[in-house]
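# The following block contains a protein sequence and its predicted model.
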Amino acid sequence: MTRNPTYGHELRHDPADLRRSLSGASTVPFWLDTAHPDPLPALSGRTTADLLVVGGGFCGLWTALQAKERDPDRDVVLVEAKRVGWAASGRNGGFVEASLTHGRDNGRRHFAAELDAIDALATANFEGFAETIERYGIDAEYEATGVLSVATEPHQVEELRAGGASVLEGDALAAVTRSPVVRGAVMHREGGALVNPAKLAWGLREACARLGVRMFENTPVERLTRTAGRVIARTPRGAVAADKVALATNGFPPLLKRLALRTVPIYDYVLVTEPLTHAQLQEIGWVGRFGMSDNSRQFHYYRKTADNRILWGGYDAVYHAGRRVRPAYDQRPETFERLADHFFTAYPQLRGLRFTHKWGGMIDMSTKFVSFQGTAMDGAVAYSLGYTGLGVAATRFGAAVMLDLLAGETTSRTALAFPTTKPFPIPPEPIAYPAIQTMRRAIARSDANGGKDGALIRIAEAFGIGFDS
Ligand SMILES: Cc1cc2nc3c(=O)[nH]c(=O)nc-3n(C[C@H](O)[C@H](O)[C@H](O)COP(=O)(O)OP(=O)(O)OC[C@H]3O[C@@H](n4cnc5c(N)ncnc54)[C@H](O)[C@@H]3O)c2cc1C
């Protein structure tokens, strides 16, 4: 039977009130709304490198850093089209999740035979992530808090129970969160942490600089060619001739044609409130530092910042026809109103609270929700993409796989089929847009239908195709 789910498309609050709560909010992502490190020079003229890394988000930064850690004498150059950390890496929720498979259930669906080995690598990667931040003294506001997984629908409580963990209800639930829409929750203390993502990106940039990585900002690579055993990366005012190249360009238009249909750019949106007082936090029962996410297919994620604002994101996942990526898409008033509506549904106690920041960003969705790596140009170029909505920790792993592949080494990572298994491609237009819209509607129906998937989702999943953020 279809019922109105807790969080729906239709607004439950007066739109004028919602607009008021959003008025005056900055369109700059909260994490980036602060003094930036000094810009790095743009590349001018020709240079050479043992390894060229293209892209200055987490994936590129982890690649450059680990390349230097493996071989300090290696000449590593990183080029970034705009500023380091401006894109997904500096504007995400800051949830650091150990899982490399978008959760264990999704891992079992696609990589059952390798799941235990993948989870062991995921734990090692998660630990290595925290250890690296510590070792380089990066102030990324890292907090090993865990995540509270909350159920807002009856069937989600059953799903939490089926997971085997103890479900918090009644007083135990009220001790961690007080919201009229939360029916039960499970605390996952292990494998979940929080960071300030922009500070992490800038801290990694600083660590790379200390190890001698030569970095250039405002330097987009326009084209890659292979000449005399080297890869030539052309930029507007110069070129890099490199022995090896690592592509860490997320869902931006890829430099390799073969990647064009492997992922789709999906926009995800976030609000941040003004800081909450201790009394307000007590009123909503959220005195711990852990982040939360609900268990709907169209889910929300929420967490506190260092100064006790609430970051509230998720739900809508928007695809623009033609796989277009545009700065204008970072703002979407109708989604912001819906997110504000859902926020006050979750926390009616906070009525009157204002949002200070609203933004969106592009995630790179793969149909398995899992990143993948591979090589091109006779093994001289490696790529890593498709992190979907969980790339903060996973990019460190993807970076390591790229370096393994470029070295031609079999490691505990490349011995598995998982990293190089390609997701089912998503066809070009005119098929992509209607197909994705149909899938989105099916997912909304599934949430409204007690989590029961319709035929479309079941058939798609049988082919290993999913849609998620
Ligand atoms: C709103 C939002 C919330 C999210 N929340 C979370 C979360 O809480 N936890 C989590 O784990 N993940 C989250 N994610 C996903 C996560 O942010 C990404 O998976 C991760 O940051 C990807 O890192 P990246 O380096 O691959 O991509 P990016 O950060 O996008 O970096 C790619 C870089 O490559 C550059 N580039 C592209 N093309 C070229 C070129 N031709 N030449 C030079 N440079 C180029 C771009 O300018 C960009 O800076 C979220 C994403 C968004 C958008």
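All right, it came through fine.
# For Ala241, see how far away the nearest residue to Ala144 once chain neighbours are set aside is.
Distance criterion CB to CB, 6 or more residues apart in numbering; nearest residue to Ala144, sequence neighbours excluded, is Ala193 at 4.7 Å. Where you see a C-beta, it was placed from the backbone N, CA and C, and this is true even at glycine. Between Ala193 and Ala241 the computed distance is 40 Å (CB to CB, to the nearest Å).
# what do you get for Val147?
According to CB to CB, Val147 and Ala241 sit 45 Å apart.
# Tell me which of these two has more neighbours.
Val147 (23 against 16; other CB atoms under 10 Å).
# Contact partners for the nearest residue to the more buried one once chain neighbours are set aside?
Spatial nearest neighbour of Val147, chain neighbours left out: Gly192 (3.8 Å); criterion: CB to CB, 6+ apart. The contact partners of Gly192, by CB atoms under 8 Å, 6 or more residues apart in numbering, come to Phe95, Val96, Glu97, Ala98, Thr145, Gly146, Val147, Phe290, Gly291.
# Please name the bridge partners of Gly192.
Glu97 (DSSP bridges).
# neighbours around whatever residue of the stretch 51-200 of the chain ends up closest to the ligand, how many?
When scored by CB to the nearest ligand atom, the stretch 51-200 of the chain has Gly57 as its residue closest to the ligand, at 2.2 Å. Counted with other CB under 10 Å, residues neighbouring Gly57 total 26.
# From Ala328, how far out is it?
Taken as CB to CB, the span from Gly57 to Ala328 is 20 Å.
# Contact partners for the residue of the stretch 251-400 of the chain found nearest the ligand?
In the stretch 251-400 of the chain, the residue that lies nearest the ligand is Gly391 (1.9 Å; CB to the nearest ligand atom). For Gly391, the contacting residues are Phe58, Cys59, Ala88, Ser89, Asn92, Asn250, Ile363, Asp364, Ser371, by CB under 8 Å, 6+ apart.
# Give me the nearest residue to the third one, chain neighbours excluded.
By the measure of CB to CB, 6+ apart, the closest residue to Ala88 outside its immediate chain neighbours is Gly361, 5.1 Å from it.
# Can you name the residues of the stretch 201-350 of the chain that neighbour the ligand?
Counting by CB under 6 Å from any ligand atom, the residues of the stretch 201-350 of the chain lying close to the ligand are Pro220, Val221, Ala248, Thr249, Asn250, Phe252, Leu255, Asp268, Val270, Gly313.
# Go through the residues you listed and name the one nearest Thr123.
Nearest to Thr123 out of those is Ala248 (CB to CB; 23.3 Å).
# related to what we said a few turns ago, was I right about the residue of the stretch 51-200 of the chain closest to the ligand contacting Asn250?
Yes: applying CB atoms under 8 Å as the test, Gly57 and Asn250 come out as touching, 6.0 Å apart.
# any common contacting residues for those two?
By CB under 8 Å, 6+ apart, the residues touching both Gly57 and Asn250 are Ala87, Ala88.
# Give me the domain ranges for this structure.
The chain breaks down into these domains under automatic domain parsing: 45-138+195-263+368-420, 142-190+264-362, 432-462.
# secondary structure class for Asp364?
strand (DSSP: H, G, I helix; E, B strand; the rest coil).
# Oops, could you answer that again for Ala201 instead?
Three-state assignment for Ala201 (three-state DSSP): helix.
# what's it in contact with, if anything?
Contacts of Ala201 (CB under 8 Å, 6+ apart): Gly56, Gly57, Phe58, Leu61, Val84, Gly85, Ser89, Gly90.
# out of these, which one sits closest to Arg354?
Gly90 (23.2 Å).
# wouldn't that closest one be in contact with Val195 here?
No: using CB under 8 Å, Gly90 is not in contact with Val195, being 11.2 Å away.
# now the helices for this protein?
Remark: helices assigned in the chain by DSSP state H are 15-22, 58-70, 88-91, 104-111, 115-135, 154-162, 170-174, 197-211, 278-283, 333-346, 394-407, 432-448, 455-462.
# quick one: stretch 112-130 to chain centroid distance?
Distance, stretch centre to chain centre, for stretch 112-130: 18 Å (CA atoms, centre = their mean, to the nearest Å).
# Run through who's touching that stretch.
With contact meaning CB under 8 Å, 6+ apart, stretch 112-130 is reached by 96, 98-101, 104, 107-108, 111, 142, 144, 191, 193, 393-394, 396-397, 400, 412-413, 416-418.
# now do stretch 399-408
Contacts of stretch 399-408 (CB under 8 Å, 6+ apart): 51, 59-60, 62-63, 65-67, 70, 125, 244, 246, 248, 373-375, 379-380, 382-384, 410-411, 413-414, 419-420.
# re earlier: looking at the helices of the chain, which is closest to Val77?
With CB to CB, the closest approach to Val77 among those belongs to helix 58-70: 8.4 Å.
# Lovely, talk soon.
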